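In: this one's sequence-less:
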DNA sequence: TGATATTTGTACTGTTTCGCATAAAAATGC
DNA sequence: GCATTTTTATGCGAAACAGTACAAATATCA
């Protein structure tokens, strides 16, 4: 038994991180105050600092956590055995559902890190890595059925469809229209590739 | 002769607005301070307020001006007489060039308004209007050669390609790769539509 | 030249912000 | 029960911020 020695934390780290991400998603990095974030996480500022470091460290941790949860939500659709079209449609449906959750729809990374990227290298790197990660997942799945060169191009197009969904969700597009758009995009992309 | 009566302004309104937009593009709405903006525009804060109102009014004016300049840069490509493929390729090339300019590449609207949209209705409206405007322009051009239903879907896909370009420019993608991507996307989209 | 109108520049105010210092609270180990 | 360890809570301080007041500057009009 490795009994922890002092006063036990009153917060759950994972839940707190989710609340932090949600606060940043609602207001953006710069506009979100630490008071606001602390309130959302149910912690006081000193506890917040002790747990996650300063504001930028909190944001980077939230970006990483959000990205992880996003991958968890969408990758099952790509890992199944069905045809490519179904996989891509499932991928976009999962993304639309994930982006639509919460009080501030839209992707935390694609809709808030873009504002800070030019002024901060680490945030820019997190943004670029997230996009590259999604592209790699899509390329791997598409390459199972398309020629090599074609898979890369098709994956890039699907990445843009995803980014478009993220931004348009932020702009108030409704879920049904986005799902329709995703289906049409998959159909258009596959008609030429396969 | 309508001679203005008092001390003449030391600034040029159009140039100042461009500088303001550039400052917001570099740092985002919330992080850009009025001192910074005033320095960029070559004005003092009181003159800035007198000319453009408070910070949010400045931002909204910058968004509108940026959108106008963007349309000015890309619409000639859509208005020519050539085939649709050339028109779309020209459109994307112009957009890539426009987004690539300045110290903070990426679209002011699509990369900074997204962060503030959930917390501010007017900014959200400006974001949505900009996207709708682009979509309308593309739809009008595509409808000249494609069936009605098809034109709308194709235009939506092209909007996502543009949003993808805006965000990926922000994430550090280089111009040559983006131009290649744009060509591949146009080819993929047209192969099925026409 | 003097009155009027408009812009500029300095300086100020009240508020918000981040980050931390310090003491109280709550657990374990002896 | 007492010392130790870790978290919580209150509150502080220095800096940055948005917006404005007011006087100096620079133009036109009579």
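Out: Perfect, I can see it now. Here the structure is a predicted model, which means the values were calculated and not measured. Numbering: from 1, shown residues only, chains lettered A, B, ... in the order given.
In: Enumerate the residues of chain A near DNA strand C.
Out: By the rule Cβ under 7 Å from any atom of the strand, the part of chain A lying against DNA strand C is A:3-8, A:32-35, A:45-46, A:49, A:54-56. Glycine gets a C-beta too; all of them are placed from N, C-alpha and C.
In: For residue A:160, list the residues it contacts.
Out: Counting by Cβ atoms under 8 Å, 6 or more residues apart in numbering or on different chains, residue A:160 touches B:160-161, B:163-165, B:168, B:181, B:185.
In: Run through the neighbouring helices and strands of whatever helix or strand residue A:90 lives in.
Out: Residue A:90 belongs to helix A:84-100 when assigned by DSSP states H and E. In terms of contacts (3 or more Cβ pairs under 8 Å, 6 or more residues apart in numbering or on different chains; DSSP states H and E), helix A:84-100 is packed against helix A:55-79, helix A:121-143, helix A:148-170, helix A:175-193.
In: That one versus helix A:175-193: what angle between them?
Out: Relative orientation of helix A:84-100 and helix A:175-193, computed by axes from the mean of the first three to the mean of the last three Cα atoms, to 10 degrees: 150 degrees.
In: Of all the residues in the helix or strand bottoming out on mean pLDDT in chain A, which ones are buried?
Out: The helix or strand of chain A with the poorest confidence is helix A:175-193; it has a mean of 90 (mean pLDDT, DSSP states H and E). Residues of helix A:175-193 classed as buried: A:178-179, A:181-186, A:188-190, A:193 (neighbour count, 16 or more other Cβ atoms under 10 Å in any protein chain shown).
In: Could you check how far the closest residue to residue A:76 other than its chain neighbours is from DNA strand C?
Out: Distance criterion Cβ to Cβ, 6 or more residues apart in numbering or on different chains; nearest residue to residue A:76, sequence neighbours excluded, is residue A:94 at 7.5 Å. Distance of residue A:94 to DNA strand C, given as Cβ to the nearest atom of the strand, to the nearest Å: 33 Å.
In: burial count for residue A:94?
Out: Close neighbours of residue A:94, defined as other Cβ atoms under 10 Å in any protein chain shown, add up to 18.
In: With residue A:153 instead?
Out: Neighbours of residue A:153 under the rule other Cβ under 10 Å: 22.
In: Make sure it is actually in contact with residue B:184.
Out: Yes. Residue A:153 lies in contact with residue B:184 (Cβ atoms under 8 Å); the separation is 4.5 Å.
In: low-confidence ranges in chain A?
Out: Where chain A drops to pLDDT under 70, the residues are A:1-2, A:192-194.
In: 80 instead, please
Out: A:1-4, A:148-149, A:191-194 (pLDDT under 80).
In: thinking again about what came up before, what sits against the residue nearest to residue A:76?
Out: A:73-74, A:76-77.
In: next one: the helix holding residue A:90 to chain centre, how far?
Out: Centre-to-centre, helix A:84-100 and its host chain are 13 Å apart (Cα atoms, centre = their mean, to the nearest Å).
In: Does chain B have contacts with the next helix-or-strand element following it?
Out: Next along the chain after helix A:84-100, taking DSSP H and E as the criterion, comes helix A:108. No. Using Cβ under 8 Å from any Cβ of the partner chain, helix A:108 stays clear of chain B, with a minimum separation of 10.0 Å.
In: Could you name the helices and strands sitting against helix A:108?
Out: Counting by 3+ Cβ pairs under 8 Å, 6+ apart, helix A:108 packs on helix A:13-27, helix A:55-79.
In: Present the ones you listed as JSON lines; the columns should include distance to residue B:115 and mean neighbour count.
Out: Compiled in JSON lines, those are given as follows (distance: least, Cβ to Cβ, whole Å; neighbours: other Cβ atoms under 10 Å in any protein chain shown):
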{"stretch": "helix A:13-27", "distance to residue B:115": "8", "mean neighbour count": "20"}
{"stretch": "helix A:55-79", "distance to residue B:115": "12", "mean neighbour count": "18"}
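In: Dump these to TSV, plus distance to residue B:108.
Out: TSV is the format used below for the helices and strands packed on helix A:108 (distance: least, Cβ to Cβ, whole Å):
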stretch	distance to residue B:108
helix A:13-27	19
helix A:55-79	22
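In: Can you tell me which of the buried residues of helix A:175-193 is closest to DNA strand D?
Out: Within the buried residues of helix A:175-193, proximity to DNA strand D (Cβ to the nearest atom of the strand) peaks at residue A:178, which comes in at 34.2 Å.
In: Spit out the contact partners of that closest one.
Out: A:96, A:165, A:168-169.
In: how about those, which pair is most distant?
Out: A:96 and A:168 (9.9 Å; Cβ to Cβ).
In: Would stretch A:39-53 count as contacting DNA strand D?
Out: Yes. Applying Cβ under 7 Å from any atom of the strand, one finds stretch A:39-53 touching DNA strand D at A:43-47, A:50-51.
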